[in-house]
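Chemist: Quick check, what structure comes out for this input:
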Amino acid sequence: MQQPQRLGQQQTAATPNQAFDLRSTLEWLRAAGELIETDKEVDPDLQVTGLQKHMDGGCPILFNNVKGKPNHRVITNLFGDISIINRMFGWKDDAERVRKLAHALSHPLKPVEIAQSEAPCQEFVVEKPDDVNKWMVPIRHTTYEPELTVGSGIRCVTGAQFDGGSDLGYNRMNFRWGNVGTFQISPGSHMWQVVNKYYKEDQPVPITMCFGVPPACTLMAGAGFDYAVLPMGCDEIGIASAVQGAPIRLVKARTVDAMALADCELVLEGYVNPRDRRFETKEAEDAGVQGRYHFHPEWAGYMGKSYKAPTFHVTGITMRKPETKPIIFALGVHMLDDHNIDTTVREAAIYELCNRLQPGIVQNVVIPYCMTDWGGCIIQVKKRHQIDEGWQRNFMAAALSCSQGMRLAIAVSEDVDPYSMDDIMWCLTTRVNPRTDILNPIPGGRGQTFMPAERMTAGDRQWTASNTQFEGGMGIDATVPFGYESDFLRPVYPVDKVKPEDWFSKEDIANAKKRMHGWVNSLARTGR
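Modeler: Numbering: from 1, shown residues only. You can find the predicted model right below:
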């Protein structure tokens, strides 16, 4: 698993100067030696994601020469290294990131609107495009998929459509009909809530899909299914402004009544038609079956399925000047890039949820890579006195209830390293009573069709959300019972009283350290 920044290990904050768009962020990364670039031609069909998987979790990668796309560049792995994200926004470590993001969720900073003539994303305008793929960089992740996908665009829904607030999020698209593409919407998501509002009136929903956006907006776009803390009508763009420390700039779209992120690279303007539903792939369309044929990997780590989805009708395209080669963030799914985007705000939202229930008990919230974005979380608590006993179970029940599709929540005590899955497994092995500490608080609750185990409950019917069932997530209380701390006392070896360099050479220490893998590193650091 990923080895992120640990508690107690501080980094020097190096927030980029005025890095409020993708280009200035890349300049900061380049100057810091954190950017890998290549001028060799890369094919969006399999090669981009194949190379990204080879270097998953490493430096951001910029492809300057994209096959068939002379006026585009492609970036991947932009958020693959969590330590880069921390430095990007000036957070000293992972725990501080969670706390400061939680604060930003309730302290948004109002975005500002600028004139169309000043917006970088409207330097070049294409009205009534006949072929969206001509102006985009669709990618194919795996050989299992029969077609390429446009999956890294961030929707921007504002004003009346979002009850006076603003929403950022991802929706995969496949432009099979020139300027009309499928627009997959996760059941229960903010966009699902929006289209449900307009479905009965048979009204199209004007939106923009923005590519190459300011990094803070990318983080907010990953905040799915956190709606107890981020309800419909909240200001996600305002929260992104608070995260970056300056207002996000918005601009009116040219062809629809919607707003776009002014400092992004490229914008698809148009409207979502909730009733014009079409199959995502020709293979599924020919068979007339939803949820059977592979299309686009999912966050849960399995291949996704092709469904019949609403459609996005593109009325205009705006972008930075083509000669500057607009940058498309070709996000690979089920990689650390995608994982860090989907969990960074989510950890903070769960932390905020717990802290609203009872302040001062929750210490941290961590979503490891293996918990697959929306699938689970680890909640670290500190019980201050007897009356705090039991709140950890309330926290888990709240997280499982408020986050559609969450399958596993684990509560641990303050002596545990929540970033070490070895430490977590040790807690599950030594601290859990299988009769009393394993909870199933919401049997029959609503899940997500991204999980094969849930899709299979549809039986012979099509694997769609309306046909699947869910028996609720599982909570595991792996905390030390209050008052029994001495019975769960961990041995602490005197690592703070000795310095290996006083006895051994640097070469000897390096020789020993290179043989240390996994849990021993965490234990050696803490002396446990």
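Chemist: in the stretch 201-350 of the chain, which spans are strands?
Modeler: 205-211, 249-252, 259-261, 266-279, 294-297, 303-305, 308-319, 327-329 (DSSP state E, counting those that start in this stretch).
Chemist: can you list contacts of the second one?
Modeler: Contacts with strand 249-252, where a contact means Cβ atoms under 8 Å, 6 or more residues apart in numbering, come from 20, 111-116, 118-119, 121-122, 158, 237, 258-263. Where you see a C-beta, it was placed from the backbone N, CA and C, and this is true even at glycine.
Chemist: and those residues, which are buried?
Modeler: Applying 16 or more other Cβ atoms under 10 Å to the contacts of strand 249-252, the neighbour count classes 20, 111, 114, 119, 121-122, 158, 237, 258-263 as buried.
Chemist: I'd like the strands of the stretch 201-350 of the chain written out as JSON lines, with distance to Glu485 added.
Modeler: Shown next, in JSON lines, are the strands of the stretch 201-350 of the chain (distance: least, Cβ to Cβ, whole Å):
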{"stretch": "strand 205-211", "distance to Glu485": "51"}
{"stretch": "strand 249-252", "distance to Glu485": "52"}
{"stretch": "strand 259-261", "distance to Glu485": "50"}
{"stretch": "strand 266-279", "distance to Glu485": "54"}
{"stretch": "strand 294-297", "distance to Glu485": "44"}
{"stretch": "strand 303-305", "distance to Glu485": "46"}
{"stretch": "strand 308-319", "distance to Glu485": "53"}
{"stretch": "strand 327-329", "distance to Glu485": "47"}
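Chemist: Which pair of the buried ones among the contacts of strand 249-252 spans the longest distance?
Modeler: Phe20 and Ala258 (21.1 Å; Cβ to Cβ).
Chemist: roughly how far apart are Lys69 and Cys264?
Modeler: As judged by Cβ to Cβ, to the nearest Å, Lys69 and Cys264 stand 17 Å apart.
Chemist: So which of those two has more stuff around it?
Modeler: Cys264 (31 against 20; other Cβ atoms under 10 Å).
Chemist: quick one: average pLDDT of stretch 389-406?
Modeler: For stretch 389-406, the mean pLDDT works out to 93.
Chemist: just stretch 137-144 next, same as before
Modeler: 96.
Chemist: could you pull out the helices for the stretch 301-450 of the chain?
Modeler: 336-357, 391-402, 421-431 (DSSP state H, counting those that start in this stretch).
Chemist: for Met319, which residues make a bridge with it?
Modeler: Taking DSSP bridges, one obtains Phe124, Leu266 as the residues bridged to Met319.
Chemist: Point to the residue nearest the middle of the protein.
Modeler: With distances taken as Cα atoms, centre = their mean, Asp342 lies nearest the centre of the chain, 1.2 Å away.
Chemist: residues in contact with Val495?
Modeler: Contacts for Val495 (Cβ under 8 Å, 6+ apart) come out as Ala524, Arg525, Thr526, Gly527.
Chemist: Tell me which of the residues you listed fall in helices.
Modeler: Members of those lying in helices (criterion: DSSP state H): Ala524, Arg525, Thr526.
Chemist: Residue ranges in this structure under the pLDDT threshold?
Modeler: For the chain, the stretches flagged by pLDDT under 70 are 1-18, 449-450, 471.
Chemist: quick one on the thing from earlier: columns neighbour count and distance to Arg277 on top of the contacts of Val495, output as TSV?
Modeler: Shown next, in TSV, are the contacts of Val495 (neighbours: other Cβ atoms under 10 Å; distance: Cβ to Cβ, whole Å):
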residue	neighbour count	distance to Arg277
Ala524	13	56
Arg525	15	53
Thr526	19	54
Gly527	13	59
